[in-house]
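**Q** Quick check, what structure comes out for this input:
(4 chains)
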Protein chains: 2
Amino acid sequence: MKFLFSKTCEYAIRATLFIAQKSRDGSKVRIKEIAKGIDCPEYFIAKILHELSRKGLVMSLKGRTGGFYLKKRSLNYTLADIVRTIDGDKVFTGCGLGLKQCSEARPCPLHHEFKKIRKDIFEMLLGTKLGEFNEELEKNLLFLKT
Amino acid sequence: MKFLFSKTCEYAIRATLFIAQKSRDGSKVRIKEIAKGIDCPEYFIAKILHELSRKGLVMSLKGRTGGFYLKKRSLNYTLADIVRTIDGDKVFTGCGLGLKQCSEARPCPLHHEFKKIRKDIFEMLLGTKLGEFNEELEKNLLFLKT
DNA sequence: TAAATAAAAGACTAATTTGTCCTTTAATTT
DNA sequence: AAATTAAAGGACAAATTAGTCTTTTATTTA
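**A** Numbering: from 1, shown residues only, chains lettered A, B, ... in the order given. A predicted model of the protein is given here:
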């Protein structure tokens, strides 16, 4: 069983951070390089990036000098945007025990505990900008594949 | 996308808490009642409980007066036991970005944040005994279905 | 002992997620 | 303009997870 995000979403996050780093000088990154850089099947990440691109989270350009990149302003997007786009907001709102309705008024046994955990996750995602790790990735202090 | 546990695991937790409460006086609970009580397909929860029963987390008895129940000692089992049995320990150890190896020595960008979150989840599960909610469930202050 | 009842066991189906491939479209270079 | 290259787009296949059904086995009651 997965930990928190779908596989698709994990790849999406890794790809976006990879693009942020590689395109910080204005250059573009091709799918092949991204796939290699984050250890994801090439066709699969293509599909995922296509989605992120349609939603405007990453930019793309076709043709010979094409590839993916981030706009300066996109560096202010956060991981919360990526996660919401790919996985929806189950992570932010869903009940930990799967109740369709779970609220203060009618809580599951873990409602309050999960509320705190979800809040921590949400704040972490919301507080993490896409360009945030550029330097540490560059210096190989952080990694996007094993 | 799921929040944290598989559907199977969510049902497993809900069913176990239900059994804990209903069998606290020594009686047994039948699958039909459990399915109704936690809003889960009957055949599906049967399969899940069978698994929990084989692992010794819940007790079962066949035949006319049969059903599921917990041993006194089982009330000291925690949700961590249920989760580990059904979903394995991805929740406790897995990398949030899906890296196969993710460690202090070679961390993903969110390694430290996730470490804390996983710890919170683990402690919460480990600190929650199966019989813990019996009273509040009885009094309808907590719910196992919507 | 026979009938009734409940879980055990395991095969099977459906749905979702993950992953692959092929054709089209857009941009660039020669 | 033609050749090349890269993403767009969408069909398709594989794997995993969720859910259903049928037969067998154990226990109790009449």
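**Q** what stretches of chain A score poorly on pLDDT?
**A** Residue ranges of chain A with pLDDT under 70: A:1.
**Q** which parts of it sit against DNA strand D?
**A** A:1-2, A:29-32, A:43, A:46-47, A:49-50, A:53-54, A:60-68 (CB under 7 Å from any atom of the strand). C-beta: built from backbone N, CA, C; applies to glycine.
**Q** show me the contacts for the closest residue to A:Leu97 other than its chain neighbours.
**A** If the residues on either side of it in the chain are set aside, A:Leu97 comes closest to A:Cys108, at 4.5 Å by CB to CB, 6 or more residues apart in numbering or on different chains. Contact analysis of A:Cys108 by CB atoms under 8 Å, 6 or more residues apart in numbering or on different chains lists A:Cys95, A:Gly96, A:Leu97, A:Leu99, A:Cys102, A:Phe114, B:Arg14, B:Leu142, B:Phe143, B:Leu144.
**Q** wouldn't the last one be in contact with B:Leu137 here?
**A** By that I understand B:Leu144. Yes: the pair B:Leu144 / B:Leu137 is scored as a contact, 7.0 Å apart, by CB atoms under 8 Å.
**Q** what do the two both touch?
**A** Here B:Leu144 and B:Leu137 share the contacting residues A:Pro109, B:Leu17, B:Phe18, scored by CB under 8 Å, 6+ apart.
**Q** So which of the residues you listed are in strands?
**A** Using DSSP state E, no member of these sits in strands.
**Q** Now do the residue of chain A most remote from its centre against DNA strand C, distance only.
**A** Distance from the C-alpha centroid of chain A peaks at A:Ala105, with 32.8 Å (CA atoms, centre = their mean). For A:Ala105, the distance to DNA strand C equals 28 Å [CB to the nearest atom of the strand, to the nearest Å].
**Q** could you say which helix or strand contains that residue?
**A** Assigning secondary structure by DSSP states H and E places A:Ala105 outside every helix and strand.
**Q** Can you tell me the closest non-neighbouring residue to A:Glu136?
**A** Leaving out its chain neighbours, the residue that sits closest to A:Glu136 by CB to CB, 6+ apart is A:Leu142, at 4.4 Å.
**Q** now do A:Arg118
**A** Nearest non-adjacent residue to A:Arg118 (CB to CB, 6+ apart): A:Phe92, at 6.2 Å.
**Q** Contacts only, for that neighbour.
**A** Contacts of A:Phe92 by CB under 8 Å, 6+ apart are A:Ala80, A:Arg84, A:Arg118, A:Ile121, A:Phe122.
**Q** follow-up on the earlier one: and the shared contacts of B:Leu144 and B:Leu137 as JSON lines, adding distance to B:Thr128?
**A** Below are these laid out as JSON lines (distance: CB to CB, whole Å):
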{"residue": "A:Pro109", "distance to B:Thr128": "8"}
{"residue": "B:Leu17", "distance to B:Thr128": "9"}
{"residue": "B:Phe18", "distance to B:Thr128": "15"}
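**Q** Most neighbours among those, please name it.
**A** B:Leu17 (27 neighbours; other CB atoms under 10 Å in any protein chain shown).
**Q** buried ones in whichever strand or helix holds A:Ile48?
**A** Using DSSP H and E, A:Ile48 sits within helix A:42-54. Neighbour counts over helix A:42-54 (16 or more other CB atoms under 10 Å in any protein chain shown) mark A:Ile45, A:Ile48, A:Leu49, A:Leu52 as buried.
**Q** Arrange these in a markdown table, one row each, with distance to B:Leu126 as further columns.
**A** A markdown table is the format used below for the buried residues of helix A:42-54 (distance: CB to CB, whole Å):
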| residue | distance to B:Leu126 |
| --- | --- |
| A:Ile45 | 37 |
| A:Ile48 | 35 |
| A:Leu49 | 39 |
| A:Leu52 | 37 |
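**Q** just the strands in chain A please.
**A** Counting by DSSP E, the strands of chain A are A:59-61, A:67-69.
**Q** Spell out which parts of chain A neighbour DNA strand C.
**A** A:2, A:6-8, A:11, A:40-44, A:46-47, A:61-66.
**Q** what subset of the residues you listed is also close to chain B?
**A** A:Lys2, A:Ser6, A:Lys7, A:Tyr11 (CB under 8 Å from any CB of the partner chain).
**Q** By neighbour count, sort out the buried ones in these.
**A** Buried, going by 16+ other CB under 10 Å: A:Lys2, A:Ser6, A:Tyr11, out of those.
**Q** Nearest to A:Lys22 among the residues you listed?
**A** A:Lys22 lies nearest to A:Tyr11 out of these, by CB to CB, at 15.7 Å.
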